[in-house]
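**Q** what follows is a predicted protein model with its sequence.
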Amino acid sequence: MLGAAVGAVVVAAAGCSASSLDPTSDDPTITPTSSPSADGEPAAVDDTALVGAVLAALAVAHRSARADARAHQEVAATLRPFERLHLVHARELGDLPRSTNGVGPSASPAQALARLGRREERLQRTLVEAATSAGSGALAQTLASMAGAVAQLRTTL
Amino acid sequence: MSYLDALQTTLAAEHAALFVVGYVGAQTSQSGAPRLYDALRESYTTHRDRRDQLVELVGEAGGEPVAAAASYDLPAVRPDETASLSAAALAVEQACGATYGFLVASATGSQRTWAIDAVLDSAVRELALGGSPRAFPGR
């Protein structure tokens, strides 16, 4: 595999094994980012509220994209990849919070695309801010990656 | 892995990326594959800038920046075959993005912000090199 070979060039040049660059490995490459407590031991990192806020942002973006995809078939093909991405990202963090607050569709396909652009830009910003402030390095890495995925899809708009 | 170790790892990856992207770019025809040529040129410039910034960051963190190797194993690309050249450049970009992901995990504050920006930049550049959107670029 050419791709694997080139990847190995970078990994080998970086002076570490492939497993140490594998985010799923058990290698403790993540340095705790919490402030030390008074006794010098690292304080427990509690990112629960931050994860909840990210899931809430994902839910808003998801409901909006889903409502518009159902209402406007002309732009559904553009909206559905975002819907799918929201679900994959939500599963990574837990699940989308259930809400009884429905989101109505936009008035027109053009407005649906405009709303999608605004929502996804806001979501990307939320993910970047969450990655910046996360106590856990591993969570920060995941959130940064999610922001990168949103940035990639936004280029299709 | 300490922040300094992560910086050094990322710097070493950028040394390798520059070498490989430069090589792939030299195999690419500006007239035959102008979009890929432009993407590679932009990629090279960005990786060179990141390398220079990493050298500074390593110094600020109290380390001695790792030097580039004399040579690196090169991908077996077929000159002027766009798909082959794009695949090689894309693999480098994805590997670099993953390395920046680890830097995000090891950094805090403004250093983490810088690394997050690199992850996003790398993710978008993947597309210019023939990649497709994926759920977790840089991981």
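**A** Looks like it came in fine.
**Q** ok, the residue sitting nearest the centre point of chain B to chain A distance?
**A** For chain B, the residue sitting closest to the mean C-alpha position, by CA atoms, centre = their mean, is residue B:96 at 4.2 Å. For residue B:96, the distance to chain A under the criterion CB to the nearest CB, to the nearest Å works out to 6 Å. The C-beta positions use only the backbone N, C-alpha and C, and glycine is treated the same way.
**Q** that residue: what secondary structure?
**A** Per DSSP: H, G, I helix; E, B strand; the rest coil, the secondary structure class of residue B:96 is helix.
**Q** OK, contacts around it?
**A** If you count contacts by CB atoms under 8 Å, 6 or more residues apart in numbering or on different chains, residue B:96 has them with A:10, B:13-14, B:17, B:47, B:122.
**Q** out of the residues you listed, which sit inside helices?
**A** In helices, defined here by DSSP state H, the members of the contacts of residue B:96 are A:10, B:13-14, B:17, B:47, B:122.
**Q** got a PyMOL select line for the buried ones in those residues?
**A** Selecting only the buried members of the ones in helices among the contacts of residue B:96 in PyMOL, with burial defined as 16 or more other CB atoms under 10 Å in any protein chain shown, works like this:
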select buried, (chain A and resi 10) or (chain B and resi 13+14+17+47+122)
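**Q** what number of residues lie near residue A:134?
**A** Under the neighbour criterion other CB atoms under 10 Å in any protein chain shown, residue A:134 is assigned a count of 25.
**Q** does it touch residue A:143 like I think?
**A** Yes - at 6.1 Å, residue A:134 counts as touching residue A:143 under the criterion of CB atoms under 8 Å.
**Q** circling back: from residue B:115, how far off is the closest residue to the residue nearest to the centre of chain B other than its chain neighbours?
**A** Residue nearest to residue B:96 in three dimensions, not counting chain neighbours: residue B:17, with 5.0 Å by CB to CB, 6 or more residues apart in numbering or on different chains. Here the distance between residue B:17 and residue B:115 works out to 15 Å (CB to CB, to the nearest Å).
**Q** residues in contact with residue 97?
**A** Because you didn't say which chain, this covers chain A. Taking CB under 8 Å, 6+ apart as the definition of contact, the neighbours of residue A:97 are A:52, A:55-56, A:59.
**Q** chain B, not that one
**A** Shown here is residue B:97, whose contacts under the criterion CB under 8 Å, 6+ apart are A:148, B:118-119, B:122-123, B:126, B:137-138.
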